[in-house]
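Colleague: Need coordinates for the following:
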Amino acid sequence: MKFKRNFLLVLFTGIGLMASAQTFSSVNLCRSNYTLGIHSVNIFVNDNIISLSLDGEILDPYLEGKSFEYYTNFDGAEKNGKLKSIDNITFDYYDRFSSNEIQGKIKSINGLSIEYYDRFGDASASGKIKSLGSTSISYYDRFVSNEKAGKVKSIDGMSADYFDRFDKSELIGNIKSLAGITFSYYDRFDSEDKMGQLKSVQGSDDRIIISVY
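Modeller: Below you'll find the predicted structure:
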C-alpha cells in the first residue's frame, strides 16, 4: 500500500510493470457517481505510463520535462488541437473516414492499435475501447441488468462483477470482484457517513490500481 499526496490514497494490489515498448499495463479503479469501478487503463510506453479513459480520452499526459507537439487544422478537423507526440511517443486518431462513433478518438500510441465498439454492437458499449493491441475489453450489455450495463465485464482476462439490485441498495453499482480480488464496503449497519465507501480489499494483482478520494 502506498500513499500519494493531495488527499489521494493509491492502493497498489501488486508491484511491477510489464517491460515492453508499448503494452497494456494496468487498470485504474476510482469512485465516480458515488460508486467504485474501472475508470481507465494504463499503457506502458517507452518507460512512461499513458492513461486512457474507457472512451479513449488521454488522461493527464503532461509529464515533467517532456516536449509536446499537437496536430493542426491542416491535419483535419478530427485531429486538430489533439496531442501528436510526447518526445518520441506518437499518437494518431481516427479521422473523417471512420464511423461517427470513433471519429477523433485515439487510434494508436506508438503503433499500439486501439479499437472501439461501434453502432453494430450493443449500444451500452458503443464508442468504448474494444482492444489495446492484443488486450481485449468486454462490457456487460443491457440484457444482464441496468446496474451492470456498460460496465467492464472483462479486461486482459480479468473478469469483473458488480453489486446489483439483488444486493443492499447502498452497494449497487460498486465493483464486487475483479481477477479474484474481492471488495467490501461499509453498509447501513455502519456509520452513515461511511455508507457505500470502500471498506476492504482481499487479494492481489499487479494489474490493478485502486484510487480512493
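Colleague: show me what contacts the spatially most central residue of the chain?
Modeller: Centroid check for the chain by C-alpha atoms, centre = their mean gives Ser40 as the closest residue, at 1.6 Å. Each residue near Ser40 by C-beta atoms under 8 Å, 6 or more residues apart in numbering is listed here: 27-28, 51-54, 59. Backbone N, C-alpha and C define where each C-beta goes, glycine included.
Colleague: got any ranges where this structure has weak pLDDT?
Modeller: Along the chain, segments meeting pLDDT under 70 span 1-21, 61-63, 213.
Colleague: Show me what counts as buried in stretch 148-167.
Modeller: For stretch 148-167, burial by neighbour count (16 or more other C-beta atoms under 10 Å) applies to 148-153, 155-156, 158, 160, 162-164, 167.
Colleague: Mind telling me what element the spatially closest residue to Ala77 that is not a sequence neighbour is part of?
Modeller: Closest residue in space to Ala77, ignoring its immediate chain neighbours: Arg96 at 7.2 Å, by C-beta to C-beta, 6 or more residues apart in numbering. For Arg96, there is no host helix or strand (DSSP states H and E).
Colleague: Report how many residues lie close to Arg96.
Modeller: For Arg96, the neighbour count with other C-beta atoms under 10 Å is 11.
Colleague: Then Ile172?
Modeller: If we define neighbours as other C-beta under 10 Å, then Ile172 has 18 of them.
Colleague: Please look at it and Asn146 and confirm they touch.
Modeller: No - here Ile172 does not reach Asn146: they are 9.7 Å apart, not a contact under C-beta atoms under 8 Å.
Colleague: so what sits against both of those two?
Modeller: Shared contacts of Ile172 and Asn146, counting by C-beta under 8 Å, 6+ apart, come down to Arg165.
Colleague: hang on, the earlier thing: ok, the residue nearest to Ala77 - contacts?
Modeller: Contacts for Arg96 (C-beta under 8 Å, 6+ apart) come out as 76-78, 103.
Colleague: Which one of those residues is nearest to Lys128?
Modeller: Gln103 (14.7 Å; C-beta to C-beta).
Colleague: where's that closest one relative to Gly196, distance?
Modeller: Applying C-beta to C-beta, to the nearest Å, the value for Gln103 to Gly196 is 37 Å.
Colleague: Between those two, point out the one with more neighbours.
Modeller: Under the criterion of other C-beta under 10 Å, the comparison of Gln103 against Gly196 puts Gly196 first, with 22 against 16.
Colleague: Identify the nearest residue to Asn100 in space, disregarding sequence-adjacent positions?
Modeller: That would be Arg119: by C-beta to C-beta, 6+ apart, it lies 7.8 Å from Asn100.
Colleague: Now do the same for that neighbour: helix, strand or coil?
Modeller: coil (DSSP: H, G, I helix; E, B strand; the rest coil).
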